[in-house]
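Enquirer: A structural model of the following input is requested.
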Amino acid sequence: MKDQLIILNFDSSYAAALASKLRAERISARILPGSTSAEQIMNEGVLGVILSGGTGGDLPGDLDGNLLRYGIPLLALGSAAPAVTALMGGTVGEPLPVNDVDTLFFEPSRITNGLTESERLFGTIHELGLGADLQTLALYQGRPVGFAHQKLPIFAIDCQLEPNDPDMMSLMMQFATDVCGCTRWWGEDAFISAARAQIVEAAGGGRALCVMSGGLDSGVCAMLAHRALGDRLTCLFVDTGLLRENDVLEFSSYYKGAGLNLMVVNAEDRVLEALQGLTSQEDKRVALRGVLSDILNETARGLDYGLLVDAQTSDYLFTGAVTPPQQNLVLEAQRIIAPLGDLFKSEVRQVGEALGLPPEITAMQPFPWTGLALRIIGECTQDRLSLLRWADARFRHEINEAGLNKRLWKYFALLYDLPQQGTDKSIVIGLRAVSISHIGSDLRALPARLPYDLLERYTQQVMAHDERVNKVIYDLTPGQGLQETEWQ
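Expert: Next comes the predicted model:
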């Protein structure tokens, strides 16, 4: 049996939070789609299953009810609780919108030791009618909203994990350790050891390829594979000419110095040719995906490898981000392995630190695979790239000098046209800086309140640098979540 829990995803934000919190407590947890069959779950050989539902009232319709017949420990949270109640012969009342803070009362059980009541933010709940084998586990205003099976290790509660939620964490940890028998073994060192073994087994006696983008995920993935395979690993990096000032030089210098067999393909001219004449952001994205696909495939065909080590992480499954070509193109390989596939960005960062990567890499801000191309509103030319690269570097320098870099999630410049009549001034430099804040269960990108003297000093520098710049604008638009547009 694997000392691990499976989390079935019926609500992405809550499933991600559950996995992250459990792994922070050193419990190994892996997320699978809610539609995963009971047979596949049982083949995983895990110690228990958590069903992660939402709080909006809609019940998951793709849960395989056969999962309840195997006797595996199971905890249903949120809207998964009434769904399991119905499958076990109980009844489910009409959804009751609450959208307020109230008290949840717990009854004694194997997972509620030390818990009697909890102040919680309720969304929509369902009153549960419990059958003969189901005993009340939790009550909301006298209504049963959770149960524990009298004979089987099956539990359900119609609420979810909240930020800073010791009561739910206590309940989940009692389920994980006391009911499922999980041990607290998961951590960065344990993950690195397991990932290395996984890569060695997948490679066999052959060679492997890892495509690097210049970012954190592919850097950590490459270092893991390098530790596992040594000289049998080839790392491939395409210099598109769209990265920030000194990015390529610093990237190449570090990873070659770390001993990686790094192959850098200079494709700046070819990428600019593909972007020539394009002004639509979507057209540029499509062109970039096409040209990068061609370059990667053409280069990879000349390399000797049987295993592709893919840098994809869990964040691509949960943020709605567009998967970069470096990580899901049809590169010809006998086998593909994604050692970071269960990790979130914060966990990848921690693994990177454990591998000894410097803060310049582990703490780097997110950067889109499209580079600076979509941060130019309009045609992407060499001249405009040079100006934007300089403007972006100066902005990042001012942020760092002010000591604000560790408080911000992203900060960058963009460029677009706004001709000023009667002059040669035709370019606007836009600035964006955002921090992260909790809004309910969601993370939101909020505009940072930068010091006025910083913005004033920066504006003077940019306008003195290039006489075509007629305006510098700071974007204070609130973000709609972490799924910000590609140019961000």
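Enquirer: every contact and neighbour count from this point should use C-alpha atoms.
Expert: Noted.
Enquirer: show me what contacts the residue lying closest to Arg270 once chain neighbours are set aside?
Expert: Once its chain neighbours are removed from consideration, Arg270 has its nearest residue in Val291; the separation is 7.8 Å (Cα to Cα, 6 or more residues apart in numbering). With Cα atoms under 8 Å, 6 or more residues apart in numbering as the criterion, the residues that contact Val291 are Arg270, Val271, Ala274.
Enquirer: assign Val291 to helix, strand or coil.
Expert: Here Val291 is recorded as helix under DSSP: H, G, I helix; E, B strand; the rest coil.
Enquirer: equivalent analysis for Ile336, please.
Expert: Recorded secondary structure, Ile336: strand (three-state DSSP).
Enquirer: my guess is Thr85 contacts Ala132, does it?
Expert: No. In terms of Cα atoms under 8 Å, Thr85 does not count as a neighbour of Ala132; the distance is 11.9 Å.
Enquirer: so which of those two has more stuff around it?
Expert: Remark: of Thr85 and Ala132, Thr85 carries more neighbours, 24 against 9, as counted by other Cα atoms under 10 Å.
Enquirer: got a list of what the more buried one touches?
Expert: Contacts for Thr85 (Cα under 8 Å, 6+ apart) come out as Thr91, Val92, Leu128, Leu130, Ala156.
Enquirer: am I right that it is in a strand?
Expert: No. Under three-state DSSP, Thr85 falls outside any strand and is assigned helix.
Enquirer: so how far is Met172 from it?
Expert: To Met172, Thr85 is 19 Å away according to Cα to Cα, to the nearest Å.
Enquirer: next: Arg389.
Expert: Applying Cα to Cα to Arg389 and Met172 gives a distance of 48 Å.
Enquirer: please apply the same query to Arg285.
Expert: Relative to Met172, and taking Cα to Cα, Arg285 is found at 43 Å.
Enquirer: those two - which one has more neighbours?
Expert: The residue with the greater number of neighbours, taking Arg285 and Met172 and applying other Cα under 10 Å, is Met172; the counts read 21 against 17.
Enquirer: tell me the average confidence for the helix or strand encompassing the more buried one?
Expert: Element membership of Met172, judged by DSSP states H and E, is helix 166-174. Model confidence over helix 166-174, given as mean pLDDT, is 96.
Enquirer: for stretch 286-301, same thing?
Expert: On average, the pLDDT along stretch 286-301 is 92.
Enquirer: buried subset of the contacts of Val291?
Expert: Val271, Ala274 (16 or more other Cα atoms under 10 Å).
Enquirer: wait, which of the contacts of Val291 is closest to Leu340?
Expert: Using Cα to Cα, the shortest approach to Leu340 within the contacts of Val291 belongs to Val271, at 28.9 Å.
Enquirer: low-confidence ranges, the protein, go.
Expert: Counting by pLDDT under 70, the chain has low-confidence residues at 315-333, 420-424, 438-443, 480-488.
Enquirer: if you set the cut-off to 50 instead, what comes out?
Expert: Within the chain, the ranges that satisfy pLDDT under 50 run 319-322, 327-330, 439-441, 481-488.
Enquirer: max-length strand in it?
Expert: Criterion DSSP state E: the longest strand present in the chain is strand 427-439.
Enquirer: which residues does that strand contact?
Expert: Contacts to strand 427-439, defined as Cα under 8 Å, 6+ apart, come from residues 388, 391, 407-419, 443-448, 468-476.
Enquirer: for that strand, buried residues please.
Expert: Neighbour-count burial for strand 427-439, counted by 16+ other Cα under 10 Å, picks out Ile427, Val428, Ile429, Gly430, Leu431, Arg432, Ala433, Val434, Ser435, Ile436.
Enquirer: before we move on, the earlier item: among the contacts of strand 427-439, name the buried ones.
Expert: Among those, those scoring as buried are 388, 391, 408-417, 443-448, 468-472 (criterion: 16+ other Cα under 10 Å).
Enquirer: which ones among those residues map onto strands?
Expert: Helix and strand membership here follows DSSP E; of the buried ones among the contacts of strand 427-439, those in strands are 410-417, 443-447, 469-472.
Enquirer: check which element follows the strand or helix carrying Val220 along the chain.
Expert: Using DSSP H and E, Val220 falls within helix 216-229. From helix 216-229 onward toward the C-terminus, using DSSP H and E, the following helix or strand is strand 233-239.
Enquirer: returning to what we had before: and of the contacts of Val291, the nearest to Asp189?
Expert: Closest to Asp189 out of the contacts of Val291 is Val271 (39.5 Å), distances taken as Cα to Cα.
Enquirer: would you confirm that that closest one contacts Arg289?
Expert: No. Counting by Cα under 8 Å, Arg289 is not a contact partner of Val271; they are 10.1 Å apart.
Enquirer: Gly57: how many residues sit nearby?
Expert: When neighbours are defined as other Cα under 10 Å, Gly57 has 20 of them.
Enquirer: mind listing what's buried in stretch 355-371?
Expert: For stretch 355-371, the buried set under the neighbour-count rule, 16+ other Cα under 10 Å, comprises Leu355, Leu357, Ile361, Thr362, Ala363, Gln365, Phe367, Pro368, Trp369, Thr370, Gly371.
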